[in-house]
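Undergrad: Here is my input, please return the structure:
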Amino acid sequence: MDDPIRHPLTHARTERGWSQPELAREVRRAALRRGLRSGVERQRIWKWENYRAVPDADSQALLAEVFEIDRGLVESFDWPHWLPGRDDPLPLGPHSPVPALREALRAAMDRRAFLTYSTTGLTGLAQQWAGSEPTAVATTALEGKTVGAELVGLLEATGEHLTELVTEQRQHTRALLDAHLTTVTDLIEHGRYGRTAGRRLHALAARLSQTVGWHRFDQDRHAAASRFWHGALHSAYASGDRDLGAGVLSDLAYQATWLKDPGTAVDILQSAAPRARHPAARALLHLRLARALAALREPRGSHRALAAAERELGTAALDPPPAWCSWMSPADLLVDSGQCLMDLGRGREARRLIREGMTLLPATRNKTRAVFLTSEARSLLHTGEVEHAARAAKESLALAERIGAPRCGALVRNLLPEFAAHRDAEGVPELLQLAHAH
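TA: Sure thing, here's the model as predicted:
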C-alpha cells in the first residue's frame, strides 16, 4: 500500500480510495468536462508522487477540480502545499517544519477544514518529541538569496511586537501575523543562511505559529489552531528550544481538555512536562495537567499536579521565563486551582479561589477573566444563586465581545438554556437579550 506520508498527492489520492491509474482517469475526465484533453497517465502520477516532476499549471487546475479544492488555494500556495492535509500529524524530522507550516497556512484559508488531529497521532507526536533531539537545522536552498543577520533581527523585532500584543489588540492583526509567518516560512524554504540564522528563523516561525494558533482557537476554529500549533512544534524542535516545544504541546493539551478530551491532554502533558527546563514552563504544564486530571475526576492526581505547579512557580531561576509563559503568576494558580475544585464538585471553595485570583489578574488578562467568570456563573447557577450568576455571565459576555474571543462568548451561550428556566430572576432577561444581540 502507498505510504500516505510520502507525498501530499499520495495522501489525497488514498483518502479517496483511488489507485494511480484511477486518479489519472479522474484528471482526464475533469479535462473533458472543460472541453479539453489531458494526457495524464499512471506514469505521470507516479512521477509527481515521487518528486520526479511537478505538474504544470493546467494539470494543477485539473487536480484541484478533482479534489474539490478552491482555486484561490492553488494560486496562493506552491505545489504541493495546496493539496488536502492529513488527519494525523507529520513526524518530526529535519525537513518537516516547512510542510507543517504550509499545511497550517493552507488549512487557515480553507474554512471546510474541521478535523483536529487524532488522539493517537498527538500522543505519538508528543512521545517522539520527548524521546528525541533534532539532528540539525533544515538544509537551506543552494541557489536562494542570502538571508542576513540584519533581516533576521528585523523579522524578530516585528514578530515580538505582534506576538506580545494583548488579545484585545491582537484581534486586529490577524492578517499581519499570517503574512509575517508566511514571509518567515518562505525564507526558511527558499533562503540561504547559516546554522545560527536558521535556528533563529525556526524559533521565530514557532513563536508566530503558536500565536496564530491561539488566535484561531479564540475564534473557535479548532482544526486551524491545532495545525498552527503542530507547525509551531516542528519549528521549535528544529530550533532546539525545548521549553518552547513543551509550551506548544501544552497548548495542544489545553485544546484537548477544552474539547472534552482530557485523557489525550494527560497523555501529552505527561510526555512534555519532564522535558521542560524553566520552572515557569514546568509550572504551567503541571497546572494544565491538574486541569485535565480534574476533568477526569481524578482528585488525587489533580492535587499532586497543583502542588507541583505551586512548587515550580516558587522556584527561583537565573534566566527570565520564556515569553510564552512569562504571564504565569500566583493569580493563575489560584483561578486554575479553583477550576479544578469546581470540576471536582467543591463549588464554594472553588468560587473563593477564583474570585481571589481574578482580583490579582491584570487588565491585560481579560480573556482569562472572561473564561473564569463563566465558570463562576455555572457554579452559581447550580447552587440557585441565579441573580449573581447572571451578573457574572453578562460581564463575561461583554469581555468576550470586546476582546474578539468568540470561544469565551460560546461558554456563556451554552448556559442560556439553564438561565431561560429562570426568566423572572433579576438580570436574566437582560442577559438573554444581550446574548441574542451578538
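Undergrad: residue contacts, the nearest residue to H388 once chain neighbours are set aside?
TA: Among residues not flanking H388 along the chain, L380 sits closest, at 4.9 Å (C-beta to C-beta, 6 or more residues apart in numbering). Every residue, glycine included, has its C-beta placed from N, CA and C. Taking C-beta atoms under 8 Å, 6 or more residues apart in numbering, we find L380 in contact with R351, V386, H388, A389, A392.
Undergrad: Can you tell me which of the residues you listed is nearest L101?
TA: A392 (39.5 Å; C-beta to C-beta).
Undergrad: how near is V152 to A179?
TA: 17 Å (C-beta to C-beta, to the nearest Å).
Undergrad: Compare these two and say which is more crowded by neighbours.
TA: Neighbour count, other C-beta atoms under 10 Å: between V152 and A179, V152 has more, with 20 against 11.
Undergrad: check contacts around that one.
TA: Y193, A197, R200, L201, L204.
Undergrad: could you give me the average pLDDT of the helix or strand hosting Q270?
TA: Element membership for Q270, per DSSP states H and E: helix 262-272. Averaged across helix 262-272, pLDDT comes to 96.
Undergrad: any idea how far it is from the chain center?
TA: 15 Å (C-alpha atoms, centre = their mean, to the nearest Å).
Undergrad: same check, this time on stretch 182-189
TA: 19 Å.
Undergrad: ok, and what's touching it?
TA: 97-98, 101-102, 105, 138, 141, 147, 155, 159, 193, 198, 201-202, 204-205, 208.
Undergrad: Below-threshold pLDDT in the stretch 1-150 of the chain: ranges please.
TA: When residues are selected by pLDDT under 70, those of the stretch 1-150 of the chain lie in 1-6, 73, 76-77, 84-87, 108-116, 135-143.
Undergrad: Outline the domain layout of the protein.
TA: Here the domain assignment for the chain is 1-75, 85-261, 362-438, based on automatic domain parsing.
Undergrad: how about a markdown table for those domains, with distance to P322 added?
TA: Formatted as a markdown table, these follow (distance: least, C-beta to C-beta, whole Å):
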| stretch | distance to P322 |
| --- | --- |
| domain 1-75 | 31 |
| domain 85-261 | 5 |
| domain 362-438 | 17 |
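Undergrad: Surely L397 touches A410?
TA: No. Assessed by C-beta atoms under 8 Å, L397 is found out of contact with A410, at 10.0 Å.
Undergrad: What I need now is the contacts of V152 written out in a markdown table, including neighbour count and distance to V66 for each item.
TA: Formatted as a markdown table, the contacts of V152 follow (neighbours: other C-beta atoms under 10 Å; distance: C-beta to C-beta, whole Å):
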| residue | neighbour count | distance to V66 |
| --- | --- | --- |
| Y193 | 23 | 37 |
| A197 | 21 | 40 |
| R200 | 21 | 40 |
| L201 | 28 | 35 |
| L204 | 24 | 36 |
